[in-house]
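Engineer: Predicted model and sequence follow; I will ask about them next.
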Amino acid sequence: MDNKDKITVLYVDDEENNLISFKATFRLRYKVLTAINGAAAIDIVKKNHIDIIITDQRMPEMTGVALLEEIIKINPDPMRILLTGYADMGAVVDAVNKGKIYHYLSKPWSETELDETIRRAYEVYAERKDILDTYSKLEVSNEQLEFLLRQKLLS
């Protein structure tokens, strides 16, 4: 599978060692992009197609939830996964309500659990994309039928 056929995952964490570890672990399975902070992540989202975004919650300057809120404004399509090393239920609630996350995982992450979560998130992403494409086609068909019906009624 070449890079253009791989799922594109953006991993955001303020700890460079975590970025290196994630990339080393998943680079063969996914197209991995990394960002050291929220601003860099936003820039990457603006310039790249992203399928899955995984972000740490506790980062200086911008929390993971705040980052996801900003990303939704730019592109609401990518599936969002939040990681945190702290049992902060307030952050989890905010992530669900504000960041519209797909899944929440604790740090340190398990390779197997994170891989399964990425794959499940992508399945949902692909299904949602298919539904939206079908809906768009139905809208066009509906408009065409309405036009034909108007023409028939006017003639």
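Structural biologist: The structure has been received and is ready for your questions.

Engineer: Would you verify that residue 77 is located in a strand?
Structural biologist: No: the assignment for residue 77, made by DSSP: H, G, I helix; E, B strand; the rest coil, is coil rather than a strand.

Engineer: That one reaches residue 125, doesn't it?
Structural biologist: Yes: proximity of residue 77 to residue 125 meets the contact threshold set by C-beta atoms under 8 Å, at 7.5 Å. From N, CA and C alone the C-beta is placed, and that goes for glycine too.

Engineer: quick one, which of the two is more surrounded?
Structural biologist: Per other C-beta atoms under 10 Å, whichever of residue 77 and residue 125 has more neighbours is residue 125, with 17 against 14.

Engineer: burial of the residue nearest to the more buried one when sequence neighbours are not counted, as a residue count?
Structural biologist: Counting by C-beta to C-beta, 6 or more residues apart in numbering, the nearest residue to residue 125 once its immediate chain neighbours are dropped is residue 79, at 4.8 Å. For residue 79, the count of nearby residues is 25 (other C-beta under 10 Å).

Engineer: Over to residue 67?
Structural biologist: Counted with other C-beta under 10 Å, residue 67 comes out at 27.

Engineer: any idea how far it lies from residue 18?
Structural biologist: 15 Å (C-beta to C-beta, to the nearest Å).

Engineer: try residue 49
Structural biologist: For residue 49 relative to residue 18 (C-beta to C-beta), the value is 23 Å.

Engineer: repeat for residue 120
Structural biologist: Distance, residue 120 to residue 18, using C-beta to C-beta: 22 Å.

Engineer: where's residue 83, which helix or strand?
Structural biologist: Using DSSP states H and E, residue 83 maps to strand 79-84.

Engineer: any residues touching that strand, and which ones?
Structural biologist: Contacting residues not belonging to strand 79-84 are listed as 13, 51-58, 64-65, 68, 71, 91-92, 95, 99-107, 109, 117-118, 121-122, 124-125 [C-beta atoms under 8 Å, 6 or more residues apart in numbering].

Engineer: go on, stretch 29-41?
Structural biologist: Outside of stretch 29-41, the residues that reach it under the criterion C-beta under 8 Å, 6+ apart are 3-4, 6-14, 16, 19, 22-23, 26, 43-44, 48, 50, 53, 55, 59-62, 66-67, 70-71, 115, 118.

Engineer: neighbours of residue 114, just the number please.
Structural biologist: Residues within reach of residue 114, counting by other C-beta under 10 Å, total 20.
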